[in-house]
Every structure is written in C-alpha cells, then in structure tokens.
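A.B. asks: Output the structure for:
(chains A and B)
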Amino acid sequence: DARVTQTPRHKVTEMGQEVTMRCQPILGHNTVFWYRQTMMQGLELLAYFRNRAPLDDSGMPKDRFSAEMPDATLATLKIQPSEPRDSAVYFCASGLARDRKIYEQYFGPGTRLTVT
Amino acid sequence: DAKTTQPPSMDCAEGRAANLPCNHSTISGNEYVYWYRQIHSQGPQYIIHGLKNNETNEMASLIITEDRKSSTLILPHATLRDTAVYYCIDIAGGTSYGKLTFGQGTILTVHP
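C.D. replies: Model prediction:
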C-alpha cells in the first residue's frame, strides 16, 4: 500500500531555530505539493513541484521558507528562522500528472510544528 | 478563495445515506468538481471527481446537476468512520497541475 511519508511527525522548537520537514512522495509520482493547515486559515497551498522543478511557491513566505526536491524520493520544507506564527500542521501530497492533468493527490500524515 | 459553498455541518445516522451538497455556481466549462475528506488528525483523502457526468467509485457517488452549478456527494451507507470534514473543490483539470484551494468544508457527523 503506497503512502506518502513525512518526518518528523511532531516538532517543538524555539523561535529563531531552523526547522526542516521531509517528505517521501509515492514512488512514480511526478508532482509534489506542500500545504499548511491552521485553525484560522484552514488548508493553504504553499508550493508545488513537477519533476522536481518548482512550479509555484507563491503561497510561501519567501524570506524564511524554502522548498526543494534534492531527488525524486525526497522533498524538503525549511523554515529559517522559525516564528510562533509558523505553528501549524504541514502536509505533503503527491500525485501523477499526465498531459498537464492531475486528478488525485495523496496526502501524508503531516508534521505538527509548534514554535514557542 | 474557494469558489464553492457548502453547509458548515450535517448529521447522519449510521447505515443511512449521507448526501452532502455543494454549490459551485461560477464553475466554468473545463473545471472539474473534486471531493476530499479529512478525518481528524489525518491528511486529506481523495474521494471522487467529475466533470459533467455522474460518477461512482468504491467510496461514493457524485451527482452533478445538468447546469453544473451544484453537486451532491453520496455516501450510500455511512459508518462512524465516515465522520470527517468533507471538502468540495472546483478546479481546472488541465491547468495548474491540480492546484487545490480548500474552503471550510462540511463537518459530517455520523452517529449510532
């Protein structure tokens, strides 16, 4: 049963520290998404990649957030420096795009980040 | 912002059909209707999608009105494990690689 995996599942850190979240997409999927969920804002798309190239990161605060795909099996989301308002659950999702169309996204279990 | 409208909450008795409505009055010709759900403390889960014809899979059925301005997700025999937030989303299937914009969704509570 193929699944998206995310590590760590929980992270508590102090303001100003660097945070790195990792995602392993489903093997063979060529599109990877990063979402953030908070009570106030709900689910928001931060960035997404196709074939490891960033397509859109307009949802991400550029000054402190960065997203990369070092290889096809790993996507990372980094926050440096972290702030209390970054506290949220961060979800990674992957999918297979064919002819510029993608129908199903498979979400990971999320990383719950708390910044104190 | 999400372009769909859903009731904030609904109840359903276990074993009965759950019918979740969604209005998407501004949907355009190439936009699909997608349904996802999120069970507490889990990531969202894809349920079904459609363009203009009704669709059915092992999880649910999707009924789209002829004018495509609204749709209904049907869970034919709801169980307690179907308690979740259900999101209706309309997006262009051919662009943006399926970029999803989630609204507030409908909290479905299935009770014994």
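
A.B. asks: and chain A, which residues reach chain B?
C.D. replies: A:4, A:31, A:33, A:42-45, A:48, A:50, A:55-56, A:91, A:93, A:95, A:97, A:99-110 (CB under 8 Å from any CB of the partner chain). Backbone N, C-alpha and C define where each C-beta goes, glycine included.

A.B. asks: Report the buried members of those.
C.D. replies: Applying 16 or more other CB atoms under 10 Å in any protein chain shown to the residues of chain A next to chain B, the neighbour count classes A:4, A:31, A:33, A:42-43, A:45, A:48, A:50, A:55-56, A:91, A:93, A:95, A:97, A:102, A:104-110 as buried.

A.B. asks: Excluding chain neighbours, what is closest to the spatially most central residue of chain A?
C.D. replies: By CA atoms, centre = their mean, chain A has its centre lying nearest to A:Trp34, at 3.0 Å. Spatial nearest neighbour of A:Trp34, excluding adjacent residues (CB to CB, 6 or more residues apart in numbering or on different chains): A:Leu46 at 4.4 Å.

A.B. asks: coming back round to it: who's in contact with the residue nearest to the centre of chain A?
C.D. replies: Applying CB atoms under 8 Å, 6 or more residues apart in numbering or on different chains to A:Trp34 gives the contacts A:23, A:45-48, A:60, A:67, A:75, A:77, A:90-92.

A.B. asks: Quick check: the gap between B:Ile64 and chain A.
C.D. replies: Distance, B:Ile64 to chain A, using CB to the nearest CB, to the nearest Å: 15 Å.

A.B. asks: hey, what's that residue bridged with?
C.D. replies: On the basis of DSSP bridges, B:Ile64 is bridged to B:Ser71.

A.B. asks: where does it land on pLDDT?
C.D. replies: Looking at B:Ile64, its pLDDT is 94.

A.B. asks: Test my guess that it contacts B:Tyr34.
C.D. replies: No - contact status for B:Ile64 versus B:Tyr34: not in contact, 11.7 Å apart, counting by CB atoms under 8 Å.
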